[in-house]
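> I would like to see how this sequence folds:
(one chain, ligands or ions: 1)
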Amino acid sequence: MLNLILFGPPGSGKGTQSERIIGKYSLVHISTGDLLREEVASQTELGLKAKEIMDRGALVPDGIVIGMIRKKLEEHKGGRGFIFDGFPRTVEQARELDRALSDYSEEVSVMISLEVPRQELVKRLLNRGKETGRSDDNLETINNRIDVYEQQTLPVAHYYDQMRKYEPVDGVGSIDAIFKRIVKVIDGVK
Ligand code: ADP
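Numbers count the residues shown, from 1 in each chain. Prediction:
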């Protein structure tokens, strides 16, 4: 299996590039943000709790996201592999992902990290907020999310770097140009 982590700050283009990657490599896309937004939309108990946290730009508790991930792994085991988008966001989530994959005798193949300067992130997210009305794409929450990323999520890059699985990719440029950079990395690990 090919198990990719697509890593990067909010607004770095993980969702956009994930769509391209699943098209080319037939992987199952797991976005914890999308899964949480589905819970919010269906107004489940979990969704009601998650909405308040997401609107502040904070992280939903590790136990909740790990539970969602384990369910998806079980549903799609035996496929070509997974692309994890927006997960793991804490070192604890990374450890749990490694544990969960090892239950299927699998492991993370590579972490591709989209590198984009903060100023560009804020610009992209404000634009997305205008176009889609996503409730966490407002200036205050955007700044919180980037701060949370720098404080709680960046250590995850170091965690995979120690295992020689961390691959930075320049996330500025056209969608096609960035996708080509990503393909080069993936074809290097396959
Ligand atoms: P973005 O990467 O643009 O911030 P996401 O859709 O990945 O957007 O996440 C939106 C929000 O959902 C996050 O700010 C956070 O509150 C919650 N969330 C998503 N994934 C996780 C995760 N792995 N752990 C904790 N919270 C998460």
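> per-residue confidence at whichever residue of the chain sits closest to the ligand?
In the chain, no residue comes nearer to the ligand than residue 33, which is 1.9 Å away by C-beta to the nearest ligand atom. For glycine as for every other residue, the C-beta is placed from the backbone atoms N, C-alpha and C. pLDDT, residue 33: 96.
> Let me know whether it touches residue 68 as I believe.
No. Here residue 33 does not reach residue 68: they are 10.9 Å apart, not a contact under C-beta atoms under 8 Å.
> Show me the helices in this protein, by range?
Ranges of helices within the chain are 14-25, 32-41, 45-56, 62-75, 91-102, 118-132, 139-148, 154-162, 175-189, based on DSSP state H.
> Using JSON lines, please lay out those helices together with distance to residue 85 and mean neighbour count.
Shown next, in JSON lines, are the helices of the chain (distance: least, C-beta to C-beta, whole Å; neighbours: other C-beta atoms under 10 Å):
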{"stretch": "helix 14-25", "distance to residue 85": "5", "mean neighbour count": "17"}
{"stretch": "helix 32-41", "distance to residue 85": "8", "mean neighbour count": "17"}
{"stretch": "helix 45-56", "distance to residue 85": "16", "mean neighbour count": "15"}
{"stretch": "helix 62-75", "distance to residue 85": "11", "mean neighbour count": "16"}
{"stretch": "helix 91-102", "distance to residue 85": "13", "mean neighbour count": "17"}
{"stretch": "helix 118-132", "distance to residue 85": "15", "mean neighbour count": "14"}
{"stretch": "helix 139-148", "distance to residue 85": "15", "mean neighbour count": "17"}
{"stretch": "helix 154-162", "distance to residue 85": "13", "mean neighbour count": "15"}
{"stretch": "helix 175-189", "distance to residue 85": "12", "mean neighbour count": "14"}
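> just so I know, which of those lies nearest residue 8?
Closest of those to residue 8 is helix 14-25, at 5.6 Å (criterion: C-beta to C-beta).
> which other helices and strands contact that closest one?
Under the contact criterion of 3 or more C-beta pairs under 8 Å, 6 or more residues apart in numbering; DSSP states H and E, helix 14-25 touches strand 2-7, strand 28-31, strand 81-85, helix 175-189.
> Could you export the ones you listed as CSV, including distance to residue 160?
Shown next, in CSV, are the helices and strands packed on helix 14-25 (distance: least, C-beta to C-beta, whole Å):
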stretch, distance to residue 160
strand 2-7, 7
strand 28-31, 17
strand 81-85, 11
helix 175-189, 12
